[in-house]
Structure formats: C-alpha cells, structure tokens
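Peer 1: Quick one, fold the following:
(2 chains)
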Amino acid sequence: MRIKSALFISILLIISVCISSASEQRTVKVGAFNYYPGIFRDKDGAVKGFYVDALADIAKRENIRFEYVYGSWSEGLDRIRSGEVDLLTSVAYTPERAAYMDYTKTPLLTVWSELYVPLVSDIDGIRHVQGKKIAVMKGDFNARSFIELVNKIDIACEFIEYPGFEQVFKAVESKQVDAGVVNSTFGVAKQKEYGLRSTGIVFNPFDIFFTVAKGKNADLLKLLDDYLASWRHQPDSPYIKARQKWSHGTGSIVSVIPKWVINAALALNVLIILAAIFIVLLKRQVQRATSEILQSKAILSESEAKFRSYIDNSPDGVFVTDENGNYLEINPAASVITGYSEEELLRMSIADLIPPSSIEPAQNNFKTLKETGAAYGEFELQHKSGGHRWWSVDAIKLSETRYLGFTKDISDRRLIEETHTFLLSCGSSSTGNNFFESLAQYLSRVLEMDYVCIDRLYGDGLMARTVAVYCDGTFEDNVEYALKDTPCGDVVGKAICLFQHDVRHMFPQDLVLQEMKAESYIGTTLWSFDGQPIGLIAVIGRQPITNPALAEAVLKIVAIRSAGELERTLAEEELKQKNRELERFTYTVSHDLKSPLITIQSFAGQIRHDLESGRLDRMPGDLKRIENASANMTMLLDDLLELSRVGRVINSAKLIDMNGLVKDVLAQLAGPITQRNVELVPSCDLSPVYGDHRRIWVVVQNLVENAIKYMGDQSAPRIEIGMRKDAKQYVFYVRDNGKGVEPRYHETIFGLFNKLDARSKGTGVGLSLVKRIIEVHGGRVWVESDGSGKGSTFCFFVGSADEIGGG
Amino acid sequence: MHGEPLTILLVEDNPDHAELVMRNFDDFQVVNTIIHVEDGEAALNYLFGLGEYSDRKRYPLPHLMLLDLRLPKVDGLEVLKEVKNNTALRVIPVVILTTSDAERDVAMAYEYHANSYVTKPVNFGEFSRLLKDLGFYWLAWNKRPW
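Peer 2: I've put the predicted structure just below:
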C-alpha cells in the first residue's frame, strides 16, 4: 500500500508540476498589424518582425506563448478594447487611448514621421507640398501630425487615405500621389523596395509603447517594461539584434559604400569599357593585319607556285649552277634532256656531262659568261645512256656565285643542219654516181639504218635500177628489180613512205626484206622538174625507227637535191646519147652521101677510060649506075629532110579514120602488091586515133612496103593489117609471112640507114622514120618475129591526144 | 710482077663499089678469084664455112680480105673482131676498105688488129690508083699466109 500511494503521490506531484508549469505557461494574444519592420505578416502567413523576435526571446525566458492576431491598426485598437487580444505593439500615447489602455514606461521605439517621395521629385521642402496629393495611412498618428503641421503653416494639399504603409508607398511609387507619410522605421526599411526617398521632411518624433487593456495584465506590462528597459541600451541584446536584423533586411539594404569607392568603381568601369573597346579595336586591327599578311603570304605563295610551275613545266631545261659549274637547281626537263635523275644531277657539275671533244669550248663559254654576264653556246652532251646528243645553252650570270641556264636538246636540229652541210659539201667535188654513194653512206650513218639504196625508175615506173646500194657498211653492185610487192612500189608517187616497224610482214613477197629481217623502212620519191617520178631513195633498218619525224625531215631535205642530181644524171646520159646519135647520124650521113658520090665519080672515070680505049660495052651499065647513084642521093637527102622535119613540125592532132587511111595506102601500093602477088587478108575494124594524118599515112605505107619487100621466097605472100588490144591501148600491126627478122636485129633495124638487105631498095631510112613519127605521137613501134622465114609482125600504138607533140 | 692466084674475099655492100674493085683487080695479069659478099653475116658464114659456103673446094679460105666497115646485118668491125679472135682465121690479112676516114674507125680497126686501113677516095683517078697499088702490094709484094 505504501508503494502505491507513493507512486500516486509522485504522479500527482508530477502532474501538478506539469499542470503548474503548464499553467505557468501563459498565452498572450497579441494584436498584429502591418508595421514593417516591427511587425508584419510575411508572404507565408507567419507574423514576423523584430517585435516578434524580441517577444519570442521573452517568451522563451518567461514561458509565455505569444499568439498573434493579425489585422489592421484600427482593428487592433478595437480588439484590445474587446479583450480579444491582450497586448498591442507600437502604440503612440494619446490621452484618448490612455483611457482604455495601459502603456509600458519604457518606449518600444522612438519613431517619427517622414515624408517620402519618388527618387525623382520636385518636393524638396515643406512648402513644395502645396497642392500636392499626399498619401496617408488611415487612423495613423503620423498622418494626423502631418495634417496638423501643414494646416499650421497654411498649406493646402489633398490627402488620400490607404489602409497601410505598404499601400501608401505603393501609391507614391505608382505616382497616384505625389508623396506619402509613413513612419521612419517603415520608410527606411522599405524605401529601396519602392524606389522612394525621404524628402528630409521629418517631424513629430514620438514614442511607441506596448499596451494592454486598462487594468488587465499589469504583470505582463511590468515584465515587458523590465525587459525593454534593460534591452534597449544593451548593444547586443536580443531586442537590438532583432531590430538591426529587421532594419537592414531584405529590401532595406543600405549601401554603406564610401563615395570614393563608387567613383573609383565607376572610373574603373569606364576604364574597363574603354579598355574593352580598345582591345576590340586592337583585335580587329590585328586580325586585319594578320589576314592581310596571310593574304599576301597566300598571294606570294600562289605566285611562287605559279612561277615554279612555269619552270617545272618548261619543255626546256632550266638549271642554276655555282661559279664552278656544280648544279644547284634543276627542273624536270633538264633531267629528261641529260638522262640523269634530279638527285644524280645535283651531285654533278657541267663538266661531267661534256665529252672531251667539247670541253674546251664549254670552258671558254663559261669564262665568257663569268666575264660578260651572258653567253650562248652549243655543245655535245654525253647522255646518261651513252649516246651523244647536242644541246644549246643560253646562260645568264645572276651573281658571282649563281648562274642561270636554259637548255634545249638540239640534236635533231643539228642533224638537219649537218644534212644541209653535207649536201652543200657534196657539191662540186662529188657529183654523179659519187654523189649517190656518198649520200647513201651518209643516210645509213645518221639514220642508223643498215641498208640504203637510191634508184632510178624506168619501164613506166614498174622497174627500178639502183645507182647506189649501201649495205652494212659496204657498197654493193647495182641491181635491177621490179617494184611490185615491195615497199618501194608503195613509195613511188608519194612524198614520204614510212613503215616504222614490221615492214617485212607487210611485204612478204619482198625477198630482200625477209633476208634482212627488216623492221623499218622509209622511202621517198625523187621527182623530176616537171613533176614526174624519176627515182626513189629507200632506207631499210633492222630496228624499228625511234625518231620517225627526224628521219622524215632528213629524207625530205636530201630528196630534193637527190632528185636534182638524178635528173641531171639522166639528162647527161640522154645528152650523151643524143650526141652519140648525132655523131652516128653525121657519120652515117656523110658516109651514105659519100658512097654514091664515089660511085658517080668513079664510074664517070670508068666511062672516060673506056671511051679513050674505045670500049663501049660497059658504058650503058656504067651510066645507069651513075644515074641510080644520083637518084639515091636525092632520095636520101629528101628522106633526111623529112626525118628532121618530123621532129620539128607537126600538124595539130586530129581524129584519124584508120580504116580509110589503110584503104588509101593499099590503093597507093596496088602496083607492088599485085606485082608480088600479095594476098591481102581482110582485117578487123580499126579504131580511130589522134594524130597527124599525113605522117601516120607514111608509117603505114613504110610498113606495108617493107612487108612486100621482105617477102623473100614466100610463094603465097600474105599481108594482114589489123588491130589488137594490149593492156592499156590499141595496137595496130602489119603482119607478113615473109623473111622475118632475127631477134638480134629487132632493135637495129630501126636504126638509121640500117638495111638488112643491102640490095633492097630504099635508103634504110624508112623504119627510122617510122620510129621517129610514132615516138613523136607518144607511142612505140616494134617488131615481133621469130626469125628467118617465119614472117614478121610490125606493131605500133599511138599515144593519147595530150601525149602527142614534143620530143 | 707475077704471083700466084689468090683468093680474095671482098666484103662490100655497095654493088657499084664492088664492081669498081673487081674491075680494077681484073686488070692484073694474075687471075685472082674474087668472091664478093654483101653483108657481114655472109662474110662470117663464108669464113667459118657455114651454110652455103660449107664447101671449101668451091669456097676456099681467102688469102686476103677486103672489108668495108658499114655492112648490113653484121657490122664490119664485128666481122673483123671475129676473124682476128679466131686462131685459124686471124692469119688472113684484112684490109679495111671503106669510105669513112673517121679517126675513131681507124683506131677501132687497128684495135681489132686490122692489117691495113684504106679510105676510098672520091676521085676516080685516085681510086683507080689506090686499087692498083693495093693489089700490087698485097698480091705481089706481100707474102701470103699460106
């Protein structure tokens, strides 16, 4: 039982302590209103402010709970009167209020009234409020004071009431009014927020107190009084701290920055801005300068590349050497010309490329270059492959140690020059055959081909006869050959005929090519002055031609001279031939005239002799001989005259009816025909020809006469006059079955005065005349006969109309 | 002067000239046989005993040949050459008797070993004397080859 009661008693005690402590916590209702920063309702609905903080401190110490009842100022007054709240804050003393409220002795705060205006306002003094709109808080002590003040100094202005200081400031800020009256605490705290400033018009300082309802909560009043009294003057008291906190809180930060700092900052800002501008400008300048530099660098490098490309792409070699001729720079073309690579050349000097024969002139040339600043020379160059080539060098002195040269491979040009020189030197001393042999040798050497032959054409251009043959270093005997199926056949009529390789496969029938295993062939026609092909040059090699353009050029150059030489040679031959003919002619004529003369003279003498001796028997015969001889002489002279005339005078060619002509001739020779009993074989139709009627008549007459004359012992003599077609033309013939002409006389019978039968009539001029006439008519006459007793066929054809004449 | 009869081959294409020669040779007291051929082919045939001349009894080798240069068929010089190149025939003296006095002909004739060269003069009197002298020399003075 004791434990139970002890427990009960302790529990009771605890509870009573709790109750008493609980009952010791006192709840005090406080009337709150908007009195920023003293007391106000924050956005979150809580009542805050430095009163609140101070009271909170007190609450902690005294175990009091303050409960805030928020409303307007007037409501607050009403509430304390009704007892709804126990305490009010920041109340100013007025006798009326003292009627129903008790004040603490120590003031909560000393405040005053202040007139606030926007930052830009023309209200500077109290007088300036005249006629202005002034915002005031309803029921506010400050307002009342201000109104009293302006009334006192006879200033009339308009007053507009607002529920709270916030609204007053808002009205000023939004320019609904010109100024607003608030208490100093609020003004200081909130001026920045609304962008307002104090006009400096301050007045009516007064204290504000905590109040309670009259006669009630005296102990509370005393409590607060005590705290206030001690706290108000303690610098770090909660009250002071709270005040400080709330006076310098949000929206009421006072820039406590010294003016010099501001100025300095301003100045610094300006400096910074200027500096920034300066930097920007400078940067732009630098950028521009840089881009200019880059641009000019680009242009320069472009220009350099451009000029470099000229040098690199130059077909001529370009090089730079030092004063000793060592190569310092070379371009690709120089490599090509010398055959050495760039690297190789840069390790060489000029002297390395010049063969011994050209060293001295090269050195002299370099000396000239050093002394005069420029030099030109042509030298032999030792190509890397070993071959000798020629190059021209045009050099300029750039400085004592730098020399610039431009070089070309002039081997081809030099060869052409050499060829010209060769032709010139090959002039007076070696003409005729020696010329052709020298030329053949020369061509073989410079064109590096193994076989050269120079031919003259004959046989209507189908055959060739060589005038010089040079093969593998020696001259060979001249030969004749047919042009068919040889490349030479292709050459005739063309300027240059070139087969660069495989020529023997293109002309399988040409044995010479096959034997030689010829690869390359180049040939040219030699033309006479009047444009007829008279010869050709053929050059054959066992290797394909590497420089066809050069070979062509050389051949063209020599062709002209060769043609000239050949023509000259042929003309010489012809001349000699003609001279020989002339000689023979003269010789023959003199002989054949002399003969009858001898006869005449001698037999005249014989006759005299016989007369003197009285012998008469021989006389008639002898006289006849004399007469015959004279007649012969006359005939001879006539024929000779005719022969000479045939060449000189020819009537203009007309179309001749051969059928009619033959008929006339046969009619003319009717006598001898009948006499010899010749049967005339009917002939085919003869086609007409162009010619001189009288002369062709002579031809036919002579041939028929001969046919009759040379019948010999033929018992059934027959003569046929006809026409057949050969390859190109119509051939007329006079065929007989008489004595015939042996093959070895086939040519000679056409010779002048050649008679096969001495006793036969005629002067022996007949066939010669026939030949001459036919030749003048651009044709040919010949005999076909197997010989004795087998008859003969004399054939002839006449050339076309434009072939007649001349000769 | 007397000599033995000779066989003379006269190669001459002109019948009149041949007649002259024969007439003049006839005047000699010695009867000589003159055989006349008219062209070079016939001459060679005779000398080589060909064709119609194969009978040597009728056509003996001549002791003397009078040869004209200008002959049909085969030229006189050709005949000369043939004769003088032949061992059997070259002993026969050949006298060129021709109208031509051209240097070349003379040279060529001697080149081919003609024994003598004589030009027919135009003047009859001279021709006559020439033939007489000719005959005299060759027939009387000259020792014949066989």
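Peer 1: Quick one: find the helix or strand in chain B with the lowest mean pLDDT.
Peer 2: helix B:124-135 (a mean of 81; mean pLDDT, DSSP states H and E).
Peer 1: Identify each buried residue in that one, please.
Peer 2: B:124, B:127, B:128, B:130, B:131, B:134, B:135 (16 or more other C-beta atoms under 10 Å in any protein chain shown). Every C-beta, even on glycine, is put in place using the N, C-alpha and C of the backbone.
Peer 1: pLDDT wise, what is residue A:10 at?
Peer 2: Looking at residue A:10, its pLDDT stands at 65.
Peer 1: Nearest to chain A within chain B, name that residue for me.
Peer 2: residue B:124 (2.6 Å; C-beta to the nearest C-beta).
Peer 1: if we can go back for a sec, report all helices and strands that the least confident helix or strand of chain B contacts.
Peer 2: Applying 3 or more C-beta pairs under 8 Å, 6 or more residues apart in numbering or on different chains; DSSP states H and E, we find helix B:124-135 packed against helix A:548-613, helix B:15-26.
Peer 1: who are the neighbours in contact with the residue of the stretch 551-700 of chain A at minimum distance from chain B?
Peer 2: Residue nearest to chain B within the stretch 551-700 of chain A: residue A:605 (2.6 Å; C-beta to the nearest C-beta). Going by C-beta atoms under 8 Å, 6 or more residues apart in numbering or on different chains, residue A:605 touches B:124, B:125, B:127, B:128.
Peer 1: give me that answer again for 6 Å
Peer 2: residue B:124 (C-beta atoms under 6 Å, 6 or more residues apart in numbering or on different chains).
Peer 1: Chain B against chain A: which residues are in contact?
Peer 2: Contact residues, chain B versus chain A (C-beta under 6 Å from any C-beta of the partner chain): B:13-14, B:16, B:20, B:38-39, B:70, B:72-73, B:99-100, B:120, B:122, B:124, B:127.
Peer 1: And the furthest pair within these?
Peer 2: B:73 and B:124 (29.4 Å; C-beta to C-beta).
Peer 1: before we move on, the earlier item: in terms of pLDDT, where does the residue of the stretch 551-700 of chain A closest to chain B sit?
Peer 2: Per-residue confidence at residue A:605 stands at 87 (pLDDT).
Peer 1: any idea how far residue A:316 is from it?
Peer 2: Going from residue A:605 to residue A:316 by C-beta to C-beta, to the nearest Å gives 96 Å.
Peer 1: same deal with residue A:689?
Peer 2: The value you get for residue A:689 to residue A:316, if C-beta to C-beta is used, is 67 Å.
Peer 1: More neighbours: those two, which one.
Peer 2: More crowded of residue A:689 and residue A:316, by other C-beta atoms under 10 Å in any protein chain shown: residue A:689, with 25 against 17.
Peer 1: I figured that one hits residue A:798, correct?
Peer 2: Yes: using C-beta atoms under 6 Å, residue A:689 is in contact with residue A:798, at 4.6 Å.
Peer 1: can you count the residues close to the residue of the stretch 151-300 of chain A found nearest chain B?
Peer 2: The nearest approach of the stretch 151-300 of chain A to chain B comes at residue A:300, 93.0 Å away (C-beta to the nearest C-beta). A count of nearby residues for residue A:300, using other C-beta under 10 Å, gives 10.
Peer 1: Ok, residue A:495 next?
Peer 2: By other C-beta under 10 Å, neighbour count at residue A:495 equals 12.
Peer 1: Also residue A:154?
Peer 2: 7.
Peer 1: tell me the SS of it?
Peer 2: Three-state assignment for residue A:154 (DSSP: H, G, I helix; E, B strand; the rest coil): coil.
Peer 1: residues in contact with the residue nearest to residue A:448 when sequence neighbours are not counted?
Peer 2: With sequence-adjacent residues excluded and distances taken as C-beta to C-beta, 6 or more residues apart in numbering or on different chains, residue A:448 is closest to residue A:541, at 7.1 Å. Contacts for residue A:541 (C-beta under 6 Å, 6+ apart) come out as A:449, A:450, A:520.
Peer 1: among the residues you listed, which are in strands?
Peer 2: Per DSSP state E, strands hold the following members of the contacts of residue A:541: residue A:520.
Peer 1: Give me the below-cutoff pLDDT ranges for the stretch 701-807 of chain A.
Peer 2: Residue ranges of the stretch 701-807 of chain A with pLDDT under 70: A:753-763, A:800-807.
Peer 1: Please enumerate the helices of it.
Peer 2: In the stretch 701-807 of chain A, helices defined by DSSP state H, counting those that start in this stretch lie at A:766-776, listed in chain order.
Peer 1: Can you show me the strands along it?
Peer 2: A:718-725, A:730-736, A:780-784, A:792-797 (DSSP state E, counting those that start in this stretch).
Peer 1: any chance of the ones you listed in CSV, with distance to residue A:456 and mean neighbour count too?
Peer 2: Below are the strands of the stretch 701-807 of chain A laid out as CSV (distance: least, C-beta to C-beta, whole Å; neighbours: other C-beta atoms under 10 Å in any protein chain shown):
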stretch, distance to residue A:456, mean neighbour count
strand A:718-725, 30, 18
strand A:730-736, 27, 22
strand A:780-784, 20, 18
strand A:792-797, 25, 22
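Peer 1: Switch the ones you listed over to a markdown table; also include distance to residue A:633.
Peer 2: As requested, the strands of the stretch 701-807 of chain A are exported to a markdown table (distance: least, C-beta to C-beta, whole Å):
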| stretch | distance to residue A:633 |
| --- | --- |
| strand A:718-725 | 30 |
| strand A:730-736 | 29 |
| strand A:780-784 | 27 |
| strand A:792-797 | 28 |
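Peer 1: and the longest strand belonging to chain A, what's its mean pLDDT?
Peer 2: The residue-count maximum for a strand in chain A (DSSP E) belongs to strand A:196-213. For strand A:196-213, mean pLDDT rounds to 84.
Peer 1: Return the list of helices and strands in contact with it.
Peer 2: Judged by 3 or more C-beta pairs under 6 Å, 6 or more residues apart in numbering or on different chains; DSSP states H and E, strand A:196-213 is in contact with strand A:87-92, strand A:101-103, strand A:109-118.
Peer 1: ok so, going back, if I look at the residue of the stretch 151-300 of chain A closest to chain B, what pLDDT would I see?
Peer 2: 88.
Peer 1: how far away is it from residue A:773?
Peer 2: In terms of C-beta to C-beta, residue A:300 sits 90 Å off from residue A:773.
Peer 1: So which residues of the stretch 1-150 of chain A form helices?
Peer 2: With DSSP H, counting those that start in this stretch as the criterion, the stretch 1-150 of chain A has helices at A:2-24, A:50-62, A:73-82, A:95-98, A:141-152.
Peer 1: Okay, now the unreliable bits of the chain?
Peer 2: Let's take chain A. A:1-6, A:10-24, A:247-257, A:427-433, A:459, A:647-651, A:753-763, A:800-807.
Peer 1: please go with chain B instead
Peer 2: Regions of chain B meeting the criterion pLDDT under 70 cover residues B:1-4, B:27-31.
Peer 1: if you set the cut-off to 50 instead, what comes out?
Peer 2: B:1 (pLDDT under 50).
Peer 1: Can you show me the strands along it?
Peer 2: With DSSP E as the criterion, chain B has strands spanning B:7-11, B:33-37, B:64-67, B:94-98, B:116-119.
Peer 1: got CSV for those strands, with distance to residue B:144 too?
Peer 2: Below are the strands of chain B laid out as CSV (distance: least, C-beta to C-beta, whole Å):
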stretch, distance to residue B:144
strand B:7-11, 10
strand B:33-37, 13
strand B:64-67, 8
strand B:94-98, 13
strand B:116-119, 14
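Peer 1: List the buried residues in the longest strand of chain A.
Peer 2: Residues of strand A:196-213 classed as buried: A:196, A:199, A:201, A:203-204, A:206-213 (neighbour count, 16+ other C-beta under 10 Å).
Peer 1: ok and it relative to helix A:141-152, angle-wise?
Peer 2: 120 degrees (axes from the mean of the first three to the mean of the last three C-alpha atoms, to 10 degrees).
Peer 1: Fine by me, thanks again.
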